[in-house]
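J.: this one's structure only:
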């Protein structure tokens, strides 16, 4: 059916229906053929499929009746006779006519035809729409949705015409599926290899196109001889040249160190699916419908309103009943199909992309060699396929320094406000298929749970609020960073140097008898280390190149970041390279597009924020930090005026580039005629004090632990990392007095930095082994520390850190142990750990025992039929549960900030807003933390786990119980 071979599809269905494989069929499979016949108006064939369903012991569903009614709508000769019978049969099967319009995915004119057929029997029929008044909200947000008299959702500061123009630009970009932009290295002089690479790409395009056509013909002949499925339908979905473009784009962006076959195949398959999905939406007239709805949706964006974006979008969809529906029309390919399509393309690339061995003049003889080769490598104990580019090709690519970079359209921030998430099937981008929840590839349980959930509105509203924040580029900071990037970079300033600065990989002949065995082993180690360093440098350089090039492309634009979430509910921006969750460099070049006056306290908050970025004064009160900022004002202004040639005070900050950007903002504000009226676009951050421990302390009502993470009133801010470091030092000193050698060696070396990472991650499930590695890394950074003691010292210190935490947080370990033991018992009984957050988000852990499903190159797990991995399930439950609470708190804060008219974004537990509104955001943040932990969280979790998993009852979802 995909490629139009209807007769073969019919024969395939009958073959399965009449054989032993009938048990693999379900009603939806039969519905595929019904939809085909309905397009052709063949009501007799649809009747035959209904008979087949009865023979198979299956009942027609809404899709079946939808296809039948659509066919009647096309064929007026039978509609008067057959339509009443069809509607009566639906009623007998317990299905309502309204269900057709609320749950079926209509395309093109299907909805209109079904409606026509129904109105033959019920002339006045209008689909009944679900109203928000019928919605049941989680208790923690019930008042938020039912008592809105004070809510004022802020507008975007654009005219309707500006927003419409931005929508048109975004639509064009997504229809093209790719965007080509200038590289920030474009100013580099042209090289011979740049010209050579251009010629080679033109040649490879012709070669691949010819090979693709030949392989396609072979598959066609194979597919016509038998009914077994093959890839032929999937390589007919696009133009041949579009497949070739996808392959060449993949070759260009492949890491020089190579890529695993599985990742490469998945990437290629996803690109084919995305392009096909966009094409399908164009064919189904969805572009026109999205354009019509978005034009009306703009009204709510351009003015203050009391209606949430999701609610307004749903109203507009209900008003625009004609044509296809937008929700639920995505039919994603099975993971295995995506991999097979990608593997087919990889195979073509490996076999047909070739280059002359003497192209760089270094070979003694001339012959064609592949630019990609397939090899095997080991990941832990698994043998996996790996695709590696030839060194000659990598040399050409590296020397060419492309002046253009091509990205998939979803990699670029959107040029208009994202489509609000109004269902789990549609949101974020206009045409590009996007999942509301990121999952491990092959996992299917999450989607099934989300589809059954009835309380996702608060989660979707939070995603929409974060996505509606408009951004712009901080051009002065960006220009400084690009200048350093193009001038050999700077390791100190976290600007990756070019590959010309990478260490040379040593060469030696292992067969040379003059080398002793120990010398050969040392040389091999040096080669491995040099290659590793080279690969790391290239990866960092390309990552920075992509970020800076995208930022430079957007330098004169206002843009948005659509958001989705992972399976724990943690929220992320969809564009992967350039976003506010990135590094210090990425965050420094981002500003809010909307500016607000600083007001009475805004300048003070900018100064406090700057001190926070330096990493100094962590245990000082806010006034102490402000006093310090005022005392170094001369250095702050010098940093702003002469960042690269002055005193360079900003370079000693923990977050250097954000500190520089803040220095520039402060300088502009203090030099303005009236600092209180100065319009600031600068985001000020408020970071949590080890949020994981805050949640544990609140769950366990642990007063001592709560005090150390600033949940209790104190004269000075508490720093849990310094507190643990002090406790560890006391334990070390006691052991040193007893004559313990390692305790004596560590004298004077225990610091906040030494223990911070372990303290931060112990709440998220880090083991003693993992903690030892973290401390080992810190010890290696101390040049004077004796290397012979690193292992013993790290092992000793991690025990002290865990002991100190146990004393400070008495309830934390008990809660962790309870969660771990619960997960162990659940997974041992063959079930996967599930729970529901206080906002109603269902969560299931996707850790299953893996099995080979394709061949030696691919391992696919996470399937609903797989047994859970007990070790991963029990170790991951405590950190994942805390992550879900942390995300819930952030979502609650975002909703209430939005209703208060604040600009709000987050980087997990770090909240951003304008300097003017920091105090308001802080108040909301604390109120929502209290509101969250006023819920009986552990009691609700215990009740849910007992109801779902006790007595072996675990076949239903948490939402069905």
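T.: Okay, I see it. Since we're looking at a predicted model, the values are computed, not measured.
J.: can you give me the strands for the stretch 551-700 of the chain?
T.: Ranges of strands in the stretch 551-700 of the chain, per DSSP state E, counting those that start in this stretch, are 559-560, 563-566, 571-573, 590-592, 596-597, 679-680, 684-687.
J.: Deepest-packed of the ones you listed, please.
T.: strand 559-560 (a mean of 24; mean count of other C-beta atoms under 10 Å). C-beta here means a position set from N, CA and C on the backbone, and glycine is covered the same way.
J.: how far does stretch 760-771 stretch from start to finish?
T.: 10 Å (C-alpha to C-alpha, to the nearest Å).
J.: and if you look at stretch 298-311?
T.: First-to-last residue span, stretch 298-311, C-alpha to C-alpha: 13 Å.
J.: Check which helices and strands the host helix or strand of residue 923 sits against.
T.: Assigned by DSSP states H and E, residue 923 falls within helix 918-933. Other helices and strands packing on helix 918-933, by 3 or more C-beta pairs under 8 Å, 6 or more residues apart in numbering; DSSP states H and E, are helix 599-614, strand 684-687, helix 691-699, helix 870-899, strand 910-913.
J.: what's residue 385 sitting at in phi/psi?
T.: phi -70, psi 150 (degrees, to the nearest 10).
J.: Okay, it and residue 804: tell me how far apart.
T.: Taking C-beta to C-beta, to the nearest Å as the measure, residue 385 falls 46 Å from residue 804.
J.: Output the lowest mean pLDDT helix or strand found in the chain.
T.: strand 859-860 (a mean of 48; mean pLDDT, DSSP states H and E).
J.: Serialize the strands of the stretch 551-700 of the chain to CSV and add fields for mean pLDDT and distance to residue 284.
T.: Shown next, in CSV, are the strands of the stretch 551-700 of the chain (pLDDT from 0 to 100; distance: least, C-beta to C-beta, whole Å):
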stretch, mean pLDDT, distance to residue 284
strand 559-560, 96, 26
strand 563-566, 95, 23
strand 571-573, 95, 28
strand 590-592, 97, 36
strand 596-597, 96, 43
strand 679-680, 96, 45
strand 684-687, 92, 44
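J.: Of those, which is nearest residue 447?
T.: For these, distance to residue 447 was read as C-beta to C-beta. The smallest value, 12.9 Å, belongs to strand 563-566.
J.: who's in contact with the closest one?
T.: Residues outside strand 563-566 that contact it (C-beta atoms under 8 Å, 6 or more residues apart in numbering) are 418, 428, 434-439, 459, 463, 466-467, 571-574, 887.
J.: Likewise for stretch 765-783?
T.: 749, 753-755, 757-758, 761-762, 785, 787, 790-791, 793-795, 797-799, 801-802, 875-876, 878-879.
J.: how about a cut-off of 7 Å?
T.: Residues from elsewhere that reach stretch 765-783 (C-beta atoms under 7 Å, 6 or more residues apart in numbering): 749, 753-754, 757-758, 762, 785, 790, 793-795, 797-798, 801-802, 875-876, 878-879.
J.: thinking again about what came up before, which one of the helices and strands packed on helix 918-933 has the lowest average pLDDT?
T.: By mean pLDDT, the lowest-scoring of these turns out to be helix 691-699, with a mean of 87.
J.: Could you give me the buried positions within the following helix or strand past it?
T.: Once helix 691-699 ends, the next helix or strand along the chain (criterion: DSSP H and E) is helix 703-708. Residues of helix 703-708 classed as buried by neighbour count (16 or more other C-beta atoms under 10 Å): 705-708.
J.: Then stretch 377-391?
T.: Those would be 384-390, for stretch 377-391 by 16+ other C-beta under 10 Å.
J.: At which residues are the helices of the stretch 401-550 of the chain located?
T.: 445-452, 457-467, 475-485, 517-553 (DSSP state H, counting those that start in this stretch).
J.: among those, which is the most enclosed?
T.: Among the helices of the stretch 401-550 of the chain, ranked by average contacts under mean count of other C-beta under 10 Å, first place goes to helix 457-467 (a mean of 25).
J.: Identify each buried residue in stretch 112-124, please.
T.: Buried residues in stretch 112-124 (16+ other C-beta under 10 Å): 112-118, 120-121.
J.: May I have the residues that are in contact with residue 387?
T.: Going by C-beta under 7 Å, 6+ apart, the list of residues near residue 387 reads 258-259, 261, 264, 346, 350, 372, 374.
J.: same deal with residue 678?
T.: Neighbouring residues of residue 678 by C-beta under 7 Å, 6+ apart: 597-598, 669, 672.
J.: In PyMOL, select just the buried ones from those.
T.: In PyMOL, this line selects whichever of those come out buried by 16+ other C-beta under 10 Å:
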select buried, resi 597+598+669
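J.: quick one on the thing from earlier: pipe the buried residues of stretch 112-124 into JSON lines and attach pLDDT, distance to residue 715 and secondary structure per row.
T.: Listed next are the buried residues of stretch 112-124 as JSON lines, based on pLDDT from 0 to 100; distance: C-beta to C-beta, whole Å; DSSP: H, G, I helix; E, B strand; the rest coil:
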{"residue": "112", "pLDDT": "83", "distance to residue 715": "70", "secondary structure": "helix"}
{"residue": "113", "pLDDT": "85", "distance to residue 715": "72", "secondary structure": "helix"}
{"residue": "114", "pLDDT": "85", "distance to residue 715": "69", "secondary structure": "helix"}
{"residue": "115", "pLDDT": "85", "distance to residue 715": "69", "secondary structure": "helix"}
{"residue": "116", "pLDDT": "83", "distance to residue 715": "74", "secondary structure": "helix"}
{"residue": "117", "pLDDT": "84", "distance to residue 715": "75", "secondary structure": "helix"}
{"residue": "118", "pLDDT": "84", "distance to residue 715": "71", "secondary structure": "helix"}
{"residue": "120", "pLDDT": "81", "distance to residue 715": "78", "secondary structure": "helix"}
{"residue": "121", "pLDDT": "81", "distance to residue 715": "76", "secondary structure": "helix"}
